[in-house]
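> Test case, fold it:
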Amino acid sequence: MITATTFGVGQVVYSILWFFLFFIEIWLEISIFIDIFRSHDLAGWQKALWVLLVLLLPIVGIFAYFIARGNKMRAHQIEAQQAQQASGWPGHYGHRLAEGGETPTQELSRLADLKRDGMISDDEYEVLKSHIMQRASDANNP
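As a prediction, this is how the structure comes out:
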């Protein structure tokens, strides 16, 4: 049985390095799987082949996917972000507040609509409301 006392500093660092490399590999595989199933330009059998390649030969499959479809992968990410922003998802509401463009009254009205529709919690509503009020107060008192 190996105990912690038999490990030297170098072995611990080496183990941590391998753990993080394994974590990165799993993260890349998950990202690739998300992109594979998000791709409408791949036929079903092509998706199955990519999944098999990434599962059976992970390092080779990951590099092959990035070489063959890296640009499309990035394009799919951008499309998903734009669709999410266009849907009015509340996570992007703070960015719209920072950009300005709406009056505080319009922002509070939109915020109330988000709360009413259940898109944000009461706590999130209060935090965002206080930001709007603070910004409006700062704009009125230079």
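> CA atoms for contacts and neighbours, from now on please.
Fine.
> In CSV, list the C-alpha atoms belonging to stretch 43-54.
Presented in CSV, the C-alpha positions along stretch 43-54 are these (Å, rounded to 0.1, in the frame of the first residue of the first chain):
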residue,chain,number,x,y,z
ALA,A,43,-24.8,13.4,-41.2
GLY,A,44,-25.7,10.9,-38.5
TRP,A,45,-23.0,8.4,-39.6
GLN,A,46,-20.4,11.2,-39.7
LYS,A,47,-21.3,12.1,-36.1
ALA,A,48,-21.0,8.5,-35.0
LEU,A,49,-17.6,8.2,-36.6
TRP,A,50,-16.3,11.3,-34.9
VAL,A,51,-17.7,10.1,-31.6
LEU,A,52,-16.0,6.7,-32.0
LEU,A,53,-12.7,8.3,-33.0
VAL,A,54,-12.7,10.6,-30.0
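> I'd like to check what contacts it. Which residues are they?
29, 33, 36, 37, 60, 61, 62, 65 (C-alpha atoms under 8 Å, 6 or more residues apart in numbering).
> What are the buried residues along the strand or helix carrying the last one?
Assigned by DSSP states H and E, residue 65 belongs to helix 58-86. By neighbour count on 16 or more other C-alpha atoms under 10 Å, the buried set for helix 58-86 is 58, 61, 62, 65, 73, 76.
> And for stretch 130-142?
By 16+ other C-alpha under 10 Å, the buried positions in stretch 130-142 come out as 132, 133, 135.
> sec struct for the first one, please.
State at residue 132, reduced to three classes by DSSP: H, G, I helix; E, B strand; the rest coil: helix.
> check contacts around the closest residue in space to it that isn't next to it in sequence.
Once flanking residues are discounted, residue 132 sits nearest to residue 104: 6.3 Å by C-alpha to C-alpha, 6 or more residues apart in numbering. Residues counted as contacts of residue 104 (C-alpha under 8 Å, 6+ apart) are 132, 133, 136.
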